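S.K.: below: sequence and its predicted model.
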Amino acid sequence: MNDVLTSLLTLSGALLVLAAAIGVLRLPDVLCRAHAVAKALTLGIFLMLLGLWVDQGQKQAALKIFLAIFFQVVTIPIGSHLIALLAFEKNIPRWRHRPIEDHRRAGGSNAVPHPGGGTPSSDESDRPAH
Amino acid sequence: MMTITLYAAFGILGLAIVLGLLRLARGPTVIDRILAFDLITTCAVGMIVLLCIQWKTALYLELILVFSLLGFCGTVAFVHYLSRTQDLELPDRPGGKSGHE
């Protein structure tokens, strides 16, 4: 029973880590990649450490595993948030699926959004290169 | 069944590390490389967890704590260093302002 539960938790955690890796490789933007790392990687490593906790259930190991789980769950979103803040502050070119209003430029002339208007041509210039 | 699952999880984590290395090699900015570094560090932590399960020992739990601490400190140090530099090397930026507030 413990073996089955450990196998299930470990395998699902590894699959979530793989999903995070695929997201880091495939998503088009720094902010999207930070999003993938923050969610999928946190849940994946959380499930793997839970599998370790199920596998060896002594008390000292449980304390250390709880510390490891707490540390991972706290630090991975903080790191991803710092990276997203850095990308926002350095004004990295962002991926535009469709022309939307950028709120960083909302103090200019186009403060009122035009839902039916033409596509602004300035959005074409700051796409990522790939 | 346990060994098969553990080997499958090892393979999956190795594939995740390879994908992270691909992003580390061809990331357009430094920030992508920091993200890939974070991913690879967490994959290493997951591999240590798998080793703990396979060898049925609790010796490597401190190693898990140390690795996660090192990965987080590396990320914070990179971000702190890059946030006080003026310009990142970007492929094509149409004259946006760099953050020197």
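M.R.: Sure, I can see it. Residues are numbered from 1 along each chain as shown, chains lettered A, B, ... in the order given.

S.K.: count of residues packed around the residue nearest to B:Met1 when sequence neighbours are not counted?
M.R.: Residue nearest to B:Met1 in three dimensions, not counting chain neighbours: A:Ser7, with 6.4 Å by C-beta to C-beta, 6 or more residues apart in numbering or on different chains. For the C-beta atoms, the positions are set from N, CA and C on the backbone; glycine is no exception. Around A:Ser7 there are 22 other residues, counting by other C-beta atoms under 10 Å in any protein chain shown.

S.K.: ok, now which ones touch A:Ser7?
M.R.: With contact set as C-beta atoms under 8 Å, 6 or more residues apart in numbering or on different chains, A:Ser7 has these partners: A:Gly51, B:Met1, B:Met2, B:Thr5, B:Leu6.

S.K.: which parts of the helix or strand containing it are buried?
M.R.: When secondary structure is defined using DSSP states H and E, the element that contains A:Ser7 is helix A:2-26. Under the neighbour-count criterion of 16 or more other C-beta atoms under 10 Å in any protein chain shown, helix A:2-26 has A:6-7, A:9-21, A:23-25 buried.

S.K.: again with stretch B:25-41
M.R.: Residues B:27-41 are the ones in stretch B:25-41 that count as buried (16+ other C-beta under 10 Å).

S.K.: thinking again about what came up before, identify, from the contacts of A:Ser7, the entry nearest to A:His35.
M.R.: For the contacts of A:Ser7, the residue nearest A:His35 by C-beta to C-beta is A:Gly51; the value is 25.0 Å.

S.K.: I'd say that closest one and B:Leu50 touch.
M.R.: No. A:Gly51 sits out of contact with B:Leu50 when judged by C-beta atoms under 8 Å, with a separation of 9.0 Å.

S.K.: hey, what's in contact with both of these two?
M.R.: A:Thr10.

S.K.: more crowded one of those two?
M.R.: Legend: neighbour count by other C-beta under 10 Å for A:Gly51 and B:Leu50, higher for A:Gly51 (27 against 22).

S.K.: just the buried residues of stretch B:25-41: which are in strands?
M.R.: The strands in this structure, assigned by DSSP state E, contain none of those.

S.K.: residues near residue 54, how many?
M.R.: You didn't pick a chain, so chain A it is. The number of residues packed near A:Val54 is 20, by other C-beta under 10 Å.

S.K.: that's the other chain; I wanted chain B
M.R.: Residues contacting B:Gln54 under the criterion other C-beta under 10 Å number 15.

S.K.: how close does it sit to chain A?
M.R.: For B:Gln54, the distance to chain A under the criterion C-beta to the nearest C-beta, to the nearest Å works out to 10 Å.

S.K.: element containing the residue nearest the centre of chain A, please.
M.R.: Centroid-nearest residue in chain A, with C-alpha atoms, centre = their mean: A:His35, separated by 2.3 Å. Secondary-structure element containing A:His35, defined by DSSP H and E: helix A:30-36.

S.K.: buried stuff in that helix?
M.R.: So helix A:30-36, judged by 16+ other C-beta under 10 Å, has buried residues A:Val30, A:Leu31, A:Cys32, A:Arg33, A:Ala34, A:Ala36.

S.K.: C-terminal to it, what's the next element?
M.R.: Next in sequence after helix A:30-36, counting helices and strands by DSSP H and E, comes helix A:42-55.
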